[in-house]
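K.L.:
need the 3D shape of this:
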Amino acid sequence: MSNPLISARGLTKKFGDFTAVNGIDFDVFKGESFGFLGPNGAGKSTAMRIIGATAQRTSGTISILGKDPELHGPQIRAHLGVVPQQDNLDMHLTVSENLYIYGRYFGLPRKFVKGKVDELLAFAQLEEKRDTKVEALSGGMKRRLTIARALVSEPEILILDEPTTGLDPQARHILWDRLFRLKEQGVTLLITTHFMDEAEQLCDRLIVMDKGSIMAEGSPASLIKDYSTKEVLELRFGSDRNQAVADSLRAMCDRIEELPDRVLMYTENGEALLEKIYAADFHPKTSLVRRSSLEDVFLRLTGRTLIE
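P.N.:
The predicted model follows:
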């Protein structure tokens, strides 16, 4: 590969006695969609703020576009687009005014910004909302506008901190489509998320973080291959029976996870395992055989669910 756009070694951030980011190493290359996956409090957003040159590291090294963010923060930020967790649009301005004023804030020429506004309205599918005040938009429209605004300066790297939190499934898929288009245009994407399907859909590579540390790194497919089985059998016996039944079933497979609402059994052949369970006179209320996912990887690495 070519030299990385972003490279971190031993990156650490402490707040008093609390270590938010604990000596992590990673590289991000041009045109990649790179993910930070983990539960709330894993250190994802703190790492993003360091990359965005808005927070200083405690120790370790990091290079962004060949520069140290603590020495060249303004120069680095000029090449970044940032989509925060919470939309911070001006609710009393129209859609087009939000884009135009943001572009002028970066000192971009009026003529350039006017043309860019039209381009970004089309990209975000908001042409018909051009003169609508932001406060009247749906959550999905606001999120698309926030992403469009981050693209006004034509950044090389787009940082997205939990971009689809709070959106309904349709709005999430529309947003994913916009991000795919950006990647096809060569924009490097950095994404934090605690949604498994989002990480699988959007990320070429990712790191799984927990308690400030990297638990694993790789493509979604390679992580699933390395840390899980081919299939997962989900069984529901009732919350009052799950634990007792799970204990009885442990001899049937190498790994079982008992969650509050279901029992997960990891296997190479879910249907064959289900037949064995019925033959042993266990009768779940519901059963589902599915392929392994990143959520299963996270359970393997941390022993707990992602959404907390």
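
K.L.:
break down the stretch 1-150 of the chain into its helices, ranges please.
P.N.:
Under the criterion DSSP state H, counting those that start in this stretch, the stretch 1-150 of the chain contains helices at 44-51, 73-77, 95-105, 110-123, 139-150.

K.L.:
can you add mean pLDDT, distance to F26 and mean neighbour count and give those back as a markdown table?
P.N.:
All C-beta atoms are positioned from the backbone trio N, CA, C, and that covers glycine. Formatted as a markdown table, these follow (pLDDT from 0 to 100; distance: least, Cβ to Cβ, whole Å; neighbours: other Cβ atoms under 10 Å):
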| stretch | mean pLDDT | distance to F26 | mean neighbour count |
| --- | --- | --- | --- |
| helix 44-51 | 92 | 9 | 23 |
| helix 73-77 | 93 | 17 | 15 |
| helix 95-105 | 93 | 30 | 20 |
| helix 110-123 | 93 | 29 | 15 |
| helix 139-150 | 92 | 22 | 22 |
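
K.L.:
right, so of the ones you listed, which gets closest to E257?
P.N.:
Proximity to E257, assessed across the helices of the stretch 1-150 of the chain by Cβ to Cβ, is greatest for helix 44-51 (23.2 Å).

K.L.:
what's the distance between that closest one and the middle of its chain?
P.N.:
Here helix 44-51 shows a centroid-to-chain-centroid distance of 13 Å under the convention Cα atoms, centre = their mean, to the nearest Å.

K.L.:
check contacts around P155.
P.N.:
By Cβ atoms under 8 Å, 6 or more residues apart in numbering, P155 lies in contact with H79, L80, G81, V187.

K.L.:
which residues sit in contact with the nearest residue to the first one once chain neighbours are set aside?
P.N.:
In this structure, H79 finds its nearest non-sequential neighbour in E156, 4.7 Å apart by Cβ to Cβ, 6 or more residues apart in numbering. Contacts of E156 were listed using Cβ under 8 Å, 6+ apart, and they are L5, K30, L65, H79, L80, V187, T188.

K.L.:
D25 too?
P.N.:
Contacts for D25 (Cβ under 8 Å, 6+ apart) come out as A8, R9, G10, L11, I214.

K.L.:
is the fourth one in a bridge, and if so with what?
P.N.:
Right, the one you point to is L11. Here L11 sits in beta bridges with I24, as judged by DSSP bridges.

K.L.:
okay, helices next: where are they in the stretch 201-308 of the chain?
P.N.:
Under DSSP H, counting those that start in this stretch, the stretch 201-308 of the chain gives helices at 220-227, 242-249, 270-279, 294-302.

K.L.:
hmm, back to that, save the contacts of E156 as JSON lines, and put in distance to G43, neighbour count and pLDDT too.
P.N.:
Below are the contacts of E156 laid out as JSON lines (distance: Cβ to Cβ, whole Å; neighbours: other Cβ atoms under 10 Å; pLDDT from 0 to 100):
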{"residue": "L5", "distance to G43": "21", "neighbour count": "21", "pLDDT": "95"}
{"residue": "K30", "distance to G43": "25", "neighbour count": "16", "pLDDT": "94"}
{"residue": "L65", "distance to G43": "22", "neighbour count": "17", "pLDDT": "95"}
{"residue": "H79", "distance to G43": "24", "neighbour count": "15", "pLDDT": "92"}
{"residue": "L80", "distance to G43": "20", "neighbour count": "22", "pLDDT": "94"}
{"residue": "V187", "distance to G43": "24", "neighbour count": "19", "pLDDT": "93"}
{"residue": "T188", "distance to G43": "21", "neighbour count": "22", "pLDDT": "96"}
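
K.L.:
so which of those residues belong to strands?
P.N.:
Secondary structure from DSSP state E places L80, T188 of the contacts of E156 in strands.

K.L.:
most packed of the helices of the stretch 201-308 of the chain?
P.N.:
Among those, the stretch with the highest mean neighbour count (mean count of other Cβ atoms under 10 Å) is helix 294-302, at a mean of 21.

K.L.:
contacts for that helix?
P.N.:
Outside helix 294-302, the residues touching it (Cβ under 8 Å, 6+ apart) are 37-39, 196, 199-200, 208, 210, 215-216, 220, 223-224, 227-228, 232, 255, 257, 264, 266, 305-306.

K.L.:
quick check, central residue of the protein?
P.N.:
T193 (2.5 Å; Cα atoms, centre = their mean).
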